[in-house]
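S.K.: coords please:
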Amino acid sequence: MLTTHFVPGSPNWLDLGAPDVDAAAAFYSAVFGWTFQSAGPESGGYGFFQLDGRTVGAVGPLTEEGASPSWTPYFHTADADATCKAVEQAGGRVRVAPMDVFTAGRLAMLTDPTGADFAVWQPGEVKGLEAVMEPDTLCWTELYTTDAAAAKEFYASVFSWSYQDMPMGGGPVYSLASAPGAGQGEDTAHGGIMQLPQENLDAGSTPEWHPYFGVTDCDATFNAAVQHGGTPLIAPMDVPGVGRLAMLMDPAGAPFALIKGDPSMT
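M.R.: Coordinates of the predicted model:
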């Protein structure tokens with residue numbers, strides 16, 4: 001499970017690249033009740049999503065050429081430069097070299113060998129998100145990929161992740177990922193890796209990380225998102241032993257998911 005007691009390789013930040021920061025802030029405020037706080041005049045429009053005064057994510061304008069609206073998970077590292085070298089050695093790509101963000105920390109933007117974008121955060125004064133695993137906060141990260149075996153090998157090499165494979169009733173295997181120091185098993189996993197089905201590839205899907213936000217009512221939150229301009233991808237559905245989940249794109253096209261956990265699993 002996610003926690004704010006970050007260990008190397010675990011998710012510690014999440015931000016949204018948006019073509020219109022104000023529009024994104026309005027949408028997510030309507031859906032999750034978040035407020036937007038600017039990071040200041042020197043931040044280039046970047047700012048923080050907050051819930052009850054705690055940072056639960058961030059948003060900023062798209063800055064990379066050709067970038068599409070998307071959520072990017074950041075994984076904890078004690079040394080962003082060393083992680084970038086490990087990424088390149090494992091066949092990934094460094095899109096934005098390590099850089100200091102004032103005194104907050106150090107980041108790098110990366111791409112895995114299958115084409116999925118992610119980032120790393122080396123904490124300075126900002127350790128990471130201030131709330132996770134609560135209603136309307138991040139509770140899971142998930143990778144859709146064209147080559148699950150290659151992706152698992154890559155992230156194991158870079159972050160020393162371990163995996164627990166969960167067969168899905170004759171469909172693709174779902175791999176639970178845990179960072180070292182978090183332990184092993186379902187209760188310690190911070191995310192999942194899944195092979196994109198052929199029909200998704202035929203429809204033009206590409207490798208991507210996306211976040212799951214925990215909600216108290218999956219259907220109500222899904223309907224609110226659609227009413228405010230979101231596009232349904234997966235309507236609310238029950239997954240035994242997991243909970244009720246749904247997936248959408250925000251009005252700009254960034255995918256995200258919702259989940260209400262199965263009470264029997266808590």
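S.K.: work out for me the element Q37 sits within.
M.R.: Q37 is part of strand 35-38, with elements assigned from DSSP states H and E.
S.K.: low-confidence ranges in the protein?
M.R.: Across the chain, residues meeting the criterion (pLDDT under 70) sit at 170, 182-186, 201-202, 262-266.
S.K.: all helices for it, in order.
M.R.: Listed in chain order, the helices of the chain (DSSP state H) span residues 21-32, 80-89, 148-159, 198-202, 218-227.
S.K.: which of these sits closest to G181?
M.R.: Put simply, out of the helices of the chain the one that sits nearest G181 is helix 148-159, at 10.8 Å, with distance taken as CB to CB. All C-beta spots, glycine's among them, are computed from the backbone N, C-alpha and C.
S.K.: now do the buried residues in the closest one.
M.R.: Of the residues in helix 148-159, 148, 151-152, 154-155, 158-159 count as buried by neighbour count, 16 or more other CB atoms under 10 Å.
S.K.: tell me which of those residues is nearest to P255?
M.R.: The shortest distance between P255 and any of the buried residues of helix 148-159, using CB to CB, involves A151 and amounts to 17.4 Å.
S.K.: the closest one reaches T145, doesn't it?
M.R.: Yes - under the criterion of CB atoms under 8 Å, A151 lies in contact with T145, with a separation of 4.5 Å.
S.K.: find residues that contact each of the two.
M.R.: The contact sets of A151 and T145 overlap at 112, 114, 116, 193, 207 (CB atoms under 8 Å, 6 or more residues apart in numbering).
S.K.: distance check, the last one against T146.
M.R.: When you say that, I think you mean P207. 6 Å (CB to CB, to the nearest Å).
S.K.: for the first one, same thing?
M.R.: Distance from D112 to T146, counting by CB to CB: 11 Å.
S.K.: more neighbours: these two, which one.
M.R.: Set side by side, D112 and T146 show unequal neighbour counts under other CB atoms under 10 Å, the larger going to D112 at 23 against 16.
S.K.: can you map out the strands along the stretch 101-250 of the chain?
M.R.: 105-111, 117-123, 138-145, 162-166, 174-178, 191-195, 208-214, 231-239, 243-249 (DSSP state E, counting those that start in this stretch).
S.K.: okay if I get those strands as a markdown table plus distance to G66?
M.R.: Listed next are the strands of the stretch 101-250 of the chain as a markdown table, based on distance: least, CB to CB, whole Å:
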| stretch | distance to G66 |
| --- | --- |
| strand 105-111 | 13 |
| strand 117-123 | 12 |
| strand 138-145 | 20 |
| strand 162-166 | 32 |
| strand 174-178 | 28 |
| strand 191-195 | 25 |
| strand 208-214 | 15 |
| strand 231-239 | 21 |
| strand 243-249 | 18 |
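S.K.: need the overlap of contacts for P207 and T146.
M.R.: With CB under 8 Å, 6+ apart applied, the overlap between the contact sets of P207 and T146 consists of 114-115, 196.
S.K.: quick revisit: could I get the helices of the chain as TSV with distance to A108?
M.R.: Converted to TSV, the helices of the chain look like this (distance: least, CB to CB, whole Å):
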stretch	distance to A108
helix 21-32	22
helix 80-89	5
helix 148-159	12
helix 198-202	29
helix 218-227	31
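S.K.: tell me which of the ones you listed lies nearest to A254.
M.R.: Smallest distance to A254 across the helices of the chain (CB to CB): 8.1 Å, for helix 21-32.
S.K.: helices or strands next to that closest one in the packing?
M.R.: Under the contact definition 3 or more CB pairs under 8 Å, 6 or more residues apart in numbering; DSSP states H and E, helix 21-32 sits against strand 35-38, strand 47-51, strand 54-61, helix 218-227.
S.K.: between the longest one and helix 21-32, how many degrees?
M.R.: In other words, helix 218-227. On the basis of axes from the mean of the first three to the mean of the last three CA atoms, to 10 degrees, helix 218-227 is oriented at 150 degrees to helix 21-32.
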